[in-house]
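K.L.:
structure for this input, please:
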Amino acid sequence: MMSSPASNSYTARSIGSPNTPDYRVFVSYNGHHIVSALHDVPLLPNPNESLTKNNAATELTLNIVVEAPRWTNAQMTIAPDEPFAPIRQATRKRRVAYVRTCFPHRGYIWNYGVLPQTWFSGGPLHVCELGERIAQVGDVRQVRVLGVLAPRDEGILRWTLLVVDITDPLAGRLHNVDQLERECPGMITATKEWFRLYKLPDGKEQNTIELDGKVKGRDYAREIVRAAHEAWRNVVTASTSRAVVDLTNVTIRNSPGLVKRGDGDEDLYSKLRESGQGSNPSKAPPSSASKWWYIAAREVE
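P.N.:
Prediction:
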């Protein structure tokens, strides 16, 4: 595998118009070659970092790929079944999907994204980046792990890390879950409520949160990440996994999906030029995307 580049080496390149099914956001390296947001962006920005360390004093810094910025409603998600794993808007009944605004939460209440080079329950691990700055779709950010939450979404366990961008104004004061509770009072409670409620306006059941609703600390989170990273490694190096995830990548030497850098770029950049790199007028989201939903969480036994 190639050495880990800085997160600012990556830029987002878009195809199509926002709020449409054909909209895609790719990650490019040094503004030039398209790379896989799932396979090529390294999980560990520092190649000397280790997932096997088990020291309470050791912090863990990871890369994340942002899918949905804070205060937005478009349900953006990485597409592991497509070459180079772009970010696309999820669809529901053939229409682009939006997360509902469940009062008092406005859309996503953090920068929501995934950990590259991880795999669990059919997709990469998710993250909530809790800093002050609002990210953009396709951003690659270096983050400090604070802890991990265990929402069960429609019956499926979705480990979700709580992290902070290491360059964010809050980063100097946030190193663990206890500091998060002290410096950002109400954030953990709001996050758990968000995961419980956000599917209710669409007629789904209320989600639950495992581990008695507790946020586990960074050492617990490290083990979750380590296991998911190993699972991803098994996927990306196995020729039989193509039915589950597209393996196209430019850095994983022992992967059957390895291609030369630039392969496929010509077609992608042609589409980028035709679309004005995403500058075409986007369709306005439906009014229901910003509607207030007044829903109260109920106790779940």
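K.L.:
which helix of the chain spans the most residues?
P.N.:
helix 218-236 (DSSP state H).
K.L.:
distance of V244 from D81?
P.N.:
8 Å (Cβ to Cβ, to the nearest Å). In short, each C-beta sits where N, CA and C put it, glycine included.
K.L.:
which one's more surrounded, these two?
P.N.:
Ranked by neighbour count (other Cβ atoms under 10 Å), V244 and D81 place V244 first, with 14 against 11.
K.L.:
that one reaches G122, doesn't it?
P.N.:
Yes: here V244 reaches G122: they are 7.4 Å apart, a contact under Cβ atoms under 8 Å.
K.L.:
sorry, back to before: from the contact counts, what lies against the longest helix of the chain?
P.N.:
Applying 3 or more Cβ pairs under 8 Å, 6 or more residues apart in numbering; DSSP states H and E, one finds that helix 218-236 makes contact with strand 140-149, strand 160-165.
K.L.:
please identify the deepest-packed of these.
P.N.:
strand 160-165 (a mean of 26; mean count of other Cβ atoms under 10 Å).
K.L.:
which residues sit against that one?
P.N.:
Residues outside strand 160-165 that contact it (Cβ atoms under 8 Å, 6 or more residues apart in numbering) are 62, 64, 111, 115, 125-131, 133, 135, 141-151, 170-171, 174, 177, 180, 188, 191, 195, 215, 221, 224-225.
K.L.:
what residues of the very next helix or strand once past it count as buried?
P.N.:
Sequence order places helix 177-183 as the next helix or strand after strand 160-165, per DSSP states H and E. Using 16 or more other Cβ atoms under 10 Å as the test for burial, helix 177-183 gives V177, L180, E181.
K.L.:
same question for helix 177-183, mean pLDDT?
P.N.:
Averaged over helix 177-183, pLDDT sits at 96.
K.L.:
just the CA atoms of that helix, as CSV, please.
P.N.:
Coordinates of each C-alpha in helix 177-183 appear next as CSV, following Å, rounded to 0.1, in the frame of the first residue of the first chain:
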residue,chain,number,x,y,z
VAL,A,177,-16.1,11.2,26.3
ASP,A,178,-16.0,12.8,29.7
GLN,A,179,-14.6,16.1,28.2
LEU,A,180,-17.2,15.9,25.4
GLU,A,181,-20.0,15.8,28.1
ARG,A,182,-18.4,18.7,30.0
GLU,A,183,-17.5,21.0,27.0
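K.L.:
and the helix or strand following it, what does it pack against?
P.N.:
Counting by DSSP H and E, the next helix or strand C-terminal to helix 177-183 is helix 187-197. Contacts defined by 3+ Cβ pairs under 8 Å, 6+ apart place helix 187-197 against strand 140-149, strand 151-153, strand 160-165, helix 177-183, strand 208-209.
K.L.:
so for R70, which of those sits nearest?
P.N.:
Closest approach to R70 among those is made by strand 160-165 (11.6 Å; Cβ to Cβ).
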